[in-house]
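Colleague: pasted the sequence and its predicted model underneath.
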Amino acid sequence: MLRINIYHGPPQRRASRGTGAGRISASWFKPRLIRAARLLGIRRGEWSIWLVNDRHMARLHKRTMDKPTTTDVLTFDFRDAPADPLELQTLVCVDAARRQNDGEKNGLYAELLLYMVHSLLHVSGYDDNSGRSAQKMHAREDDILTRLGVGPVYASKHAAAPKTTRFGAKSR
């Protein structure tokens, strides 16, 4: 069984103020994420997702990747081997998602779901380090999002705004 937990705020012991998450409902994401995992052959494990704001993401990005800027998503795979049950921690920046979506709540949820699926694809062997592999990964993201009933999010944003970048990859 795959267990998914979604939290508001950074992963730390003490409570923090303001995550930028607002009233985002975890219940909307969970069934879609379970289905996305199944589409990738993942059926067991635990996935913790943290919804954070720019300030928290920039701090975590600096600490983990030595980059002093915010980013869309950070992925931490704690498995010893890819065949082990999922043990994944994903940090998703709500502020970044708000900047990318069209300002509607459904757009925000689709953008956040894109980031979560992106994280899941990383631990499933996909990468976006080169143009060809990024193209393959983003096509798979849109395929999964379409199967989830959301539709293509990455491709539709890049068709509308070709100079936009996401996940550190250059757009088409």
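Modeller: That came in fine, so what should we check first?

Colleague: pLDDT weak spots in this protein?
Modeller: 12-22, 102-106, 156-172 (pLDDT under 70).

Colleague: which residues in it form helices?
Modeller: With helices called from DSSP state H, the chain shows them at 26-39, 54-65, 94-100, 105-122, 131-147, 154-160.

Colleague: how about the longest one: buried residues?
Modeller: Read that as helix 105-122. 107-122 (16 or more other C-beta atoms under 10 Å). Yep, even glycine has a C-beta here, placed from its N, CA and C like the rest.

Colleague: over to stretch 70-89?
Modeller: 70, 71, 72, 73, 74, 75, 76, 77, 86, 88, 89.

Colleague: the fourth one and residue 92 touch, don't they?
Modeller: I take that to be residue 73. Yes. At 5.4 Å, residue 73 counts as touching residue 92 under the criterion of C-beta atoms under 8 Å.

Colleague: anything in contact with each of those two?
Modeller: Here residue 73 and residue 92 have 115, 116, 119 as joint contacts, going by C-beta atoms under 8 Å, 6 or more residues apart in numbering.

Colleague: which one of those residues is nearest residue 37?
Modeller: Of all these, residue 37 sits closest to residue 116, with 10.1 Å by C-beta to C-beta.

Colleague: is it true that the closest one touches residue 29?
Modeller: Yes. Using C-beta under 8 Å, residue 116 makes contact with residue 29 at a distance of 6.8 Å.

Colleague: give the residues shared as contacts by the two.
Modeller: residue 49.

Colleague: tell me how far the residue nearest to residue 88 when sequence neighbours are not counted lies from residue 99.
Modeller: Among residues not flanking residue 88 along the chain, residue 47 sits closest, at 4.6 Å (C-beta to C-beta, 6 or more residues apart in numbering). To residue 99, residue 47 is 25 Å away according to C-beta to C-beta, to the nearest Å.

Colleague: what is the burial count for residue 99?
Modeller: 13 (other C-beta atoms under 10 Å).

Colleague: gap between it and residue 93?
Modeller: 9 Å.

Colleague: repeat for residue 138
Modeller: 18 Å.

Colleague: please apply the same query to residue 109.
Modeller: 14 Å.

Colleague: dig out what the nearest residue to residue 24 once chain neighbours are set aside forms beta bridges with.
Modeller: Closest residue to residue 24 apart from its sequence neighbours, by C-beta to C-beta, 6+ apart: residue 51 at 6.1 Å. Here residue 51 sits in beta bridges with residue 8, residue 92, going by DSSP bridges.

Colleague: closest one of the shared contacts of residue 73 and residue 92 to residue 39?
Modeller: Nearest to residue 39 among these, with distances taken as C-beta to C-beta, is residue 116, at 13.2 Å.
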